[in-house]
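Peer 1: coords please:
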Amino acid sequence: MKKHTKPFPTALTGLSARLLVLTIFFVMLAEFLIYTPSVSRYRKTYLEQRIATAHVAVLALEATPDNMVSPELEAELLYHAGAYSVVLKHPERRVLLLAKDMPPKVDVTFDLRKGSFPMWISDAYSAMFRDDNRVMRVIGFSPKSPGVSIEIVIDEAPMRRAMLDFSSRILQLSIVISLLTAGLVYLSLLFLMVRPMRAITRAMIRFREDPEDVSRAIRPSGRRDEIGIAECELAEMQHELHAALAQKTRLATLGAAVAKVNHDLRNSLATAVLVSDRLADIDDPEVQKVAPRLYHAIDKAVNLCSQTLNYVSGGVEKPRKSSFHLSELVNEVFATIREGQLGGDGTRRPDLAYELGNEVDFELVLDADRRQLFRAFENLILNAVQAAATTIRVSARYRGDTIEIDISDDGPGMTEKSQARLFEPFTGSSRDGGTGLGLVIARDIVRHHDGDILLVATGPDGTFFRLILPRGKRR
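Peer 2: Modelled structure (predicted):
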């Protein structure tokens, strides 16, 4: 038996390694999906904090009688707010202003009072992927006084650096989480699935090397999960296969013995046929009375031996296909049966009278093994003859890519028991002394041609078989 040569996958190429890589990938993907709203939220929070700080800075103006401070204090307040200018608007439309003498030109304006989640994400990525510094006007409500509106002018570069630092921390945390999660998943799967699967695979390989050795069968671990069920089912299958192989070995030995016995028995029956032929020339009434029964007994014995020997000798060979007219083949089968040459085994039944009808169109061409199909048709028609049918007809037609061949007779039909065991050797025959091998051999031949035999109908009015064969080459 062929040995297993393909090596087991290593720790880097096996299922667990692939699961490790997939786990890392999916964790990183999940972290990215989490990072996108997080970074947009971080940007929005950053700007809101600048608004809150600017509001605190402007409150210094309200503490002065004329809402004015010295230039030095104004510069310090703007420095701590991180802004070029700050404008505070009260509901009464009172405006307080902190500003440098020459604030820079504003490049872009963002209103935190408006906007949507997709817009915040778009603005966050737009800010991160720029390499220049824009001057931004940011407008929003004060977190401490909802009715107060704050407007500040700030640089974008500090915010970008803060966002990149935040992204770096998120990336580092994601890598740590993904590696930790993937490692735990890897170890869990390694012990819960991969190692048991490897043990099952090794058990299958050992059993395949010598399936007749019962000690090589897998021993279930007792687990109650899917792998435990798989181990139990595999053990049961190996047990049944071992029993089937043992039975097959016994049947092969018995078949060889039966073949030898059949060969010797046919030689003995041939001598009995010669003796019975001489008995036919004796004018004694008692001899003439016994002779037909003797002929019939010898015919049955020869037919039994021939069919058994053919079945045991090895089944059906691979078809050697050729194109031929089906009608001619049916005529040849009819001629052989009429001449009493039952499969070439010497059986003669001159006491039967029957009509054989060939209704196959001559133009119908079949691609098949002519010799094998001759044997199949002969077995089917011969079964009808031996079942006391008086009329047997064969017809055929094309049906798409197949050929349907009907064989019908007007015999007494089959019993329910025979129908239930129709294609079982030595049990499917409804005749006394029949072997049931004729149908078995015929079906084996047809199935080797990628076709099948169906029992369409049977009853007091007769039996109707249908053969379905591939059409083959079209003309």
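
Peer 1: in what helix or strand does the closest residue to Ile407 other than its chain neighbours lie?
Peer 2: Nearest residue to Ile407, sequence neighbours excluded (Cβ to Cβ, 6 or more residues apart in numbering): Phe465, at 4.7 Å. The way it works is simple: take the backbone N, C-alpha and C, and place the C-beta from them, glycine included. Here Phe465, judged by DSSP states H and E, is contained in strand 462-470.

Peer 1: and that strand, how far from the chain's centre?
Peer 2: Here the centre of strand 462-470 is set off from its chain's centre by 33 Å, with Cα atoms, centre = their mean, to the nearest Å.

Peer 1: now stretch 217-229
Peer 2: The answer for stretch 217-229 is 23 Å, by Cα atoms, centre = their mean.

Peer 1: any buried residues in the helix or strand hosting Phe377, and which?
Peer 2: Using DSSP H and E, Phe377 maps to helix 370-386. Neighbour-count burial for helix 370-386, with 16 or more other Cβ atoms under 10 Å as criterion, is recorded at 370, 372-386.

Peer 1: quick check: the residue nearest to Ile407 touching Leu380?
Peer 2: Yes - at 6.0 Å, Phe465 counts as touching Leu380 under the criterion of Cβ atoms under 8 Å.

Peer 1: okay, and the common contacts of those two?
Peer 2: Here Phe465 and Leu380 have Ile407 as joint contacts, going by Cβ atoms under 8 Å, 6 or more residues apart in numbering.

Peer 1: what are the pairing partners of the strand holding Phe465, and which direction each?
Peer 2: strand 402-409 (antiparallel), strand 452-459 (antiparallel) (DSSP bridges).

Peer 1: so Glu136 sits against Arg160, correct?
Peer 2: Just to correct that, residue 136 is Met rather than Glu. No - counting by Cβ under 8 Å, Met136 does not reach Arg160; the two are 10.9 Å apart.

Peer 1: would you map the strands across this protein?
Peer 2: Applying DSSP state E to the chain gives strands spanning 85-89, 95-99, 108-111, 135-141, 149-155, 322-325, 355-358, 365-368, 391-399, 402-409, 452-459, 462-470.

Peer 1: by mean pLDDT, show me the worst of those.
Peer 2: Across those, strand 95-99 has the smallest mean pLDDT, namely a mean of 69.

Peer 1: I'd like to know which of the buried residues of helix 370-386 is nearest to Asp452.
Peer 2: The closest of these to Asp452 turns out to be Ala376 (Cβ to Cβ; 11.8 Å).

Peer 1: right, and that closest one touches Ala442 too?
Peer 2: Yes - between Ala376 and Ala442 there is a contact at 4.1 Å, judged by Cβ under 8 Å.

Peer 1: residues contacting the closest residue to Ile381 other than its chain neighbours?
Peer 2: Among residues not flanking Ile381 along the chain, Ile392 sits closest, at 5.7 Å (Cβ to Cβ, 6+ apart). If you count contacts by Cβ under 8 Å, 6+ apart, Ile392 has them with 354-357, 381, 384-385, 407-409.

Peer 1: any of the residues you listed buried? List them.
Peer 2: Buried members of the contacts of Ile392, scored by 16+ other Cβ under 10 Å, are 354, 356, 381, 384-385, 407-409.

Peer 1: out of those, who's nearest Gly82?
Peer 2: Nearest to Gly82 among those, with distances taken as Cβ to Cβ, is Ile407, at 100.5 Å.

Peer 1: helices of the chain, start to end?
Peer 2: Assigned by DSSP state H, the helices in the chain fall at 15-62, 71-81, 117-128, 157-189, 195-209, 226-279, 285-312, 326-338, 370-386, 416-420, 437-448.

Peer 1: mind checking which of these is nearest Ala99?
Peer 2: Ala99 lies closest to helix 71-81 among the helices of the chain, at 7.6 Å (Cβ to Cβ).

Peer 1: keeping just the C-alphas, turn stretch 359-367 into CSV.
Peer 2: Only the C-alpha atoms of stretch 359-367 are listed here, as CSV (Å, rounded to 0.1, in the frame of the first residue of the first chain):
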residue,chain,number,x,y,z
GLU,A,359,-39.0,-3.2,-32.8
VAL,A,360,-35.7,-1.2,-32.8
ASP,A,361,-35.3,1.2,-35.7
PHE,A,362,-32.3,0.1,-37.9
GLU,A,363,-31.0,3.7,-38.0
LEU,A,364,-30.4,3.8,-34.3
VAL,A,365,-26.7,3.6,-33.6
LEU,A,366,-25.1,2.9,-30.2
ASP,A,367,-21.5,3.5,-29.0
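
Peer 1: please point out which parts of it sit buried.
Peer 2: Across stretch 359-367, burial judged by 16+ other Cβ under 10 Å covers 360, 364-367.

Peer 1: out of the strands paired with strand 462-470, which comes closest to Gln247?
Peer 2: strand 452-459 (26.4 Å).

Peer 1: re the thing from before, got the angle for the helix holding Phe377 vs strand 452-459?
Peer 2: If you take axes from the mean of the first three to the mean of the last three Cα atoms, to 10 degrees, helix 370-386 sits at 10 degrees to strand 452-459.

Peer 1: my read: Ile337 touches Ile381, true?
Peer 2: Yes - at 6.1 Å, Ile337 counts as touching Ile381 under the criterion of Cβ under 8 Å.

Peer 1: now the common contact residues for the two.
Peer 2: Common contact partners of Ile337 and Ile381 (Cβ under 8 Å, 6+ apart): Leu356.

Peer 1: list the contacts for Ser145?
Peer 2: Contact analysis of Ser145 by Cβ under 8 Å, 6+ apart lists His55.
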